[in-house]
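J.: I'll drop the sequence and a predicted model, then ask my questions.
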Amino acid sequence: MINVLVFPCGSEIGLEVHNALKYDKHINLVGLSSVSSHGRVVYKNYIEGISFITSDTFMEELNKIIEDNNIDVLIPAYDDVILYLSEHRDELKCKLATSNKTTCDIARSKRKTYEVLQGEWYIPETFKVSQITEKDLPLFAKPDIGQGSQGIMRIEKMEDLNQLKGKDDEYIISELLPGQEYTVDCFTNRKGELVVASMRMRKRIKTGISVNSVIVELPAEVKQIADAINEKIVFDGVWFFQVKLDRNGHYKLLEMAPRVAGSMSTSRVRGFNYILNTVYQLMGYDIKAIDNLLDYAEVDRALSNKYVLNIDYNYVYMDFDDTITYKQTVNTEVMAFIYQCLNKNKKIKLLTRHAENIHESLQKYHIDETIFDEIIHIKDETLKSEYIKHKDAIFIDDAFRERYDVSKKCKIPVFDLDSVSALIDWRY
């Protein structure tokens, strides 16, 4: 078993790491956060309260957590954390899943990235405030060190430069790139060979995060950029870079990072798990790539709901029609909840007024009767509350009348179908 610590686990990067690793039978995931975060509802093993990296005691606290949990690999999941830990790698009591300190330092600064790759045809033209003339406009400015599209601005007229005077060291001012933006997800093996480069179009972007990505064919020009970057900069495992088309239709480099990208799942479903293979590479394994031969893969991301409820129950009384079934099909979310209950040794009691033979109907929908502790088939007008015998129970039914009656008479929590998702424990 490989014990893997993710910090900070509630970031977009940390959540993609969780999705990528949670089902691997050789990985035991532990999430770590300085503050309360979304990580607590997705990481089964979750630790909260470590100091920020700016604290003098951070490394001491971190190493204690590493030792207490027998951590083998630490995955940093935020750009500042990546740089900090790469600078303190020798102090860490486990392996670190990112590239070397020099690479992390270069990648954290767009200016340093452009300086290292200076002279390459894919580096956009940059300007100093004092050198810009009217004919150079429009231009684009962004912080040298930053993320999430924070602080960016389009320079349309000379007056716009007033905001940037004296900030040449803080900002990168470059030619305006009006074309489509892309991310290229990459993996470099221990020999320094570029094993995978998968390109995706960033179709919809929100606060710097691609919330809709579509896999596209890797153009020869972008493959040249990937090979050139990989040749000049040393990577170990997962990394990515972003490009955008200039006014002449050529790709220009925006930035790069030696880590998982938040929407890397788009490339991951093609058959190559970037962060999992990075972990395995750190543990001494040679990595090979599988091409899933997918012509099309798209991810569309939005906020997802995860719930924490303060109820304790051992029995679930559940309806059949329009609860386990939905429009002549099986309600897969309800079935997921049923199997979660079985995994936790909770008893499922089917409580139904089904008009037909319930056993034949279960067989029709390919539902094994053994998942139910008891099947109670009501054939008269008796209310379902009469059949509920346990106080440590919950009741799930699409009928308001039944839920209202059970709530009043049995004094147990009742749920309609829209709330079943709140009962599912998504932590792995």
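T.: Looks like it arrived, so ask away.

J.: parallel or antiparallel, list what pairs with the longest strand seen in the chain.
T.: When the chain is parsed with DSSP state E, its longest strand is strand 194-206. Sheet neighbours of strand 194-206, with direction, are listed as strand 181-188 (antiparallel), strand 209-216 (antiparallel) (DSSP bridges).

J.: residue 216: what's it in contact with?
T.: 182, 199-201 (C-beta atoms under 8 Å, 6 or more residues apart in numbering). Any C-beta I mention is one placed from the backbone N, CA and C, and that applies to glycine too.

J.: now with 7 Å?
T.: 199-201 (C-beta atoms under 7 Å, 6 or more residues apart in numbering).

J.: lowest average confidence across the strands paired with strand 194-206, which one?
T.: Across the strands paired with strand 194-206, strand 209-216 has the smallest mean pLDDT, namely a mean of 87.

J.: and the helix or strand just after it, what's buried?
T.: The helix or strand immediately downstream of strand 209-216 is helix 220-232, counting by DSSP states H and E. Using 16 or more other C-beta atoms under 10 Å as the test for burial, helix 220-232 gives 222, 225-226, 229-230.

J.: could you export helix 220-232 as PDB, CA atoms only?
T.: Extracted in PDB, the C-alpha atoms of helix 220-232 (Å, rounded to 0.1, in the frame of the first residue of the first chain):
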ATOM      1  CA  ALA A 220       2.600  19.300 -35.200                       C
ATOM      2  CA  GLU A 221       3.400  22.900 -34.100                       C
ATOM      3  CA  VAL A 222       2.200  22.300 -30.500                       C
ATOM      4  CA  LYS A 223       4.100  18.900 -30.400                       C
ATOM      5  CA  GLN A 224       7.200  20.900 -31.300                       C
ATOM      6  CA  ILE A 225       6.600  23.200 -28.400                       C
ATOM      7  CA  ALA A 226       6.100  20.300 -26.000                       C
ATOM      8  CA  ASP A 227       9.300  18.600 -27.100                       C
ATOM      9  CA  ALA A 228      11.200  21.900 -27.000                       C
ATOM     10  CA  ILE A 229      10.100  22.700 -23.400                       C
ATOM     11  CA  ASN A 230      10.800  19.200 -22.300                       C
ATOM     12  CA  GLU A 231      14.300  19.400 -23.800                       C
ATOM     13  CA  LYS A 232      15.200  22.700 -22.100                       C
END
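
J.: mean confidence score for it?
T.: pLDDT averaged over helix 220-232 gives 98.

J.: next, the angle from that helix to strand 181-188.
T.: Helix 220-232 and strand 181-188 meet at an angle of 40 degrees, taking axes from the mean of the first three to the mean of the last three C-alpha atoms, to 10 degrees as the criterion.

J.: what's the helix or strand that helix 220-232 is followed by packed up against?
T.: Remark: after helix 220-232, the chain's next helix or strand is strand 237-245, criterion DSSP H and E. Applying 3 or more C-beta pairs under 7 Å, 6 or more residues apart in numbering; DSSP states H and E, we find strand 237-245 packed against strand 181-188, helix 220-232, strand 251-257, helix 274-282.

J.: need the contact partners of strand 237-245.
T.: Contacts of strand 237-245 (C-beta under 7 Å, 6+ apart): 97, 99, 177, 179-188, 222, 225, 229, 251-261, 274-275, 277-278, 281.
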